[in-house]
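[1] below are the sequence and a predicted model for it; my questions follow.
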Amino acid sequence: MPKSTPLKRSPLFIFGPPVLLSIVGVGLVVQSGSFASPKLEMVNEQITINAAEGLVPPTLGLTDYIYPRLTIDSANQPLVVVNKLRALDPIDFAPPSLTAMPSSESLDNSRELVLAPSAAHALVLMAEQMHAEGYGQLFVNSAYRTYDYQVELFESKTRQYGLAGALVRSAKAGHSEHQTGLAVDVSVPAQGCAIMTCFGETVGGKWVAANSWRFGFIVRYEEETTAITGYSYEPWHLRFVGEELATEYSKNGIHTLEEFWSLPAAEFYPEEVVESKID
């Protein structure tokens, strides 16, 4: 299991700045009305000293803000986290807006699959950059899936691999990232290994793993993270989370969204846990 560098979080980051600003504000008000008060001069002097010594205030991480954390529960938000323990609400959720990516020399979407507009735009930009650097043309294998389609897909995987095999390869309807319109499966057909773990060893797959964060994507199901995500390694499955989160994710060496948001591991569905306890 890859070790991650934990994000530094502190309640002080959330409540400290407002409190400090309030104190400074009150101090300014009680002065004679002049903004050139002795106390303000002391603050400015300390700022100058800190800058000279190379001391800078800590930069808040995305997870230190209250609003983003609230949005991970909302199906129609770009930061939503969906896994085996976190179903979409409503469970048959469908995105309000979807768009097809245009095919080009850098991106083959001949199947006219669709994504949420923000994810579609980012995928086009990523494909253009990847092609410009000589790493191949991306092919869109799968994108948005409806609730009903996911029901059929999971049943198909169950017939093919048995229930245990299906559970690590496919999500149940209402628990799939593809249903959000923010997940896409890609490959580079010319390099082989389409929708196979060996995609991660192709030059295109390696480029995607190393650079997708620049465009707001993460490889959602990495190697050796099954005990956290519940799914086997899928180097082709990209999840759009936006450039800010993807940058923080990459910079801090995070490997799962569960780690990023300090959520419990989601290896099993609740009903699997109950059945196990009964047995």
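    Looks like it arrived, so ask away.

[2] contacts, neighbours, all on C-alpha from now
    Noted.

[3] where does the stretch 101-250 of the chain have low pLDDT?
    Within the stretch 101-250 of the chain, the set of residues satisfying pLDDT under 70 is empty.

[4] what strands flank the strand or helix carrying residue 237, and is each parallel or antiparallel?
    Counting by DSSP states H and E, the element that carries residue 237 is strand 234-240. The pairing partners recorded for strand 234-240 under DSSP bridges are strand 183-187 (antiparallel), strand 217-221 (antiparallel).

[5] so which bits of the last one are buried?
    When burial is assessed from 16 or more other CA atoms under 10 Å, strand 217-221 yields the following buried residues: 217, 218, 219, 220, 221.

[6] again, but for stretch 131-141
    Buried positions in stretch 131-141, judged by neighbour count with 16+ other CA under 10 Å: 131, 135, 136, 137, 138, 139, 140, 141.

[7] how near is residue 108 to residue 80?
    With the distance defined as CA to CA, to the nearest Å, residue 108 ends up 27 Å from residue 80.

[8] repeat that for residue 231.
    The spacing between residue 231 and residue 80, counted by CA to CA, is 18 Å.

[9] and the two? Which one has more around it.
    Set side by side, residue 231 and residue 80 give different neighbour counts by other CA atoms under 10 Å, the larger being at residue 231 (26 against 22).

[10] now do the SS call for that one.
    For residue 231, the secondary-structure state derived from DSSP: H, G, I helix; E, B strand; the rest coil is coil.

[11] that one and residue 267 touch, don't they?
    Yes. Under the criterion of CA atoms under 8 Å, residue 231 lies in contact with residue 267, with a separation of 7.4 Å.

[12] residues contacting the spatially closest residue to residue 267 that is not a sequence neighbour?
    Nearest residue to residue 267, sequence neighbours excluded (CA to CA, 6 or more residues apart in numbering): residue 230, at 3.6 Å. Contacts here follow CA atoms under 8 Å, 6 or more residues apart in numbering; on that basis residue 230 touches 84, 167, 168, 266, 267, 268.

[13] ok, now with 7 Å
    With contacts taken as CA atoms under 7 Å, 6 or more residues apart in numbering, residue 230 has the following neighbours: 168, 266, 267, 268.

[14] kindly report the same for residue 245.
    Per CA under 7 Å, 6+ apart, neighbours of residue 245: residue 62.

[15] now name the helix or strand holding it.
    Taking DSSP H and E as the definition, one finds residue 245 inside helix 243-251.

[16] spit out the contact partners of residue 145.
    178, 179.

[17] backbone phi and psi for it, please?
    Reported as degrees, to the nearest 10, the phi and psi values for residue 145 are phi -130, psi 140.

[18] ok, residue 173 next?
    Listed backbone geometry of residue 173 is phi -60, psi 140, with angles given as degrees, to the nearest 10.

[19] burial count for it?
    Counted by other CA under 10 Å, the residues lying close to residue 173 total 24.

[20] going forward, count from 50.
    Happy to do that; since the first residue is 50 now, the last one works out to residue 222.

[21] for residue 172, grab the count of nearby residues.
    25.

[22] once you drop chain neighbours, what's closest to it?
    The shortest distance from residue 172 to any residue other than its chain neighbours is 7.5 Å, reached at residue 264 (CA to CA, 6+ apart).

[23] pretty sure the one you found is in contact with residue 292, am I right?
    Yes. Contact between residue 264 and residue 292 holds when scored by CA atoms under 7 Å: they sit 5.8 Å apart.

[24] just want to know which of these two has more residues nearby.
    For the pair residue 264 and residue 292, the greater number of neighbours falls to residue 264 (23 against 17), based on other CA under 10 Å.

[25] mind listing what's buried in the helix or strand hosting residue 167?
    In this structure, residue 167 is located in helix 166-181 according to DSSP H and E. Buried positions in helix 166-181, judged by neighbour count with 16+ other CA under 10 Å: 166-173, 175-180.

[26] hey, C-alpha coordinates of stretch 248-255 in CSV?
    Extracted in CSV, the C-alpha atoms of stretch 248-255 (Å, rounded to 0.1, in the frame of the first residue of the first chain):
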residue,chain,number,x,y,z
PHE,A,248,-2.4,0.3,-19.8
GLY,A,249,-0.5,1.7,-16.9
GLU,A,250,2.8,0.4,-18.4
THR,A,251,2.2,1.9,-21.9
VAL,A,252,3.8,5.3,-22.7
GLY,A,253,0.3,6.8,-22.9
GLY,A,254,-0.8,5.3,-19.6
LYS,A,255,2.4,6.6,-17.9
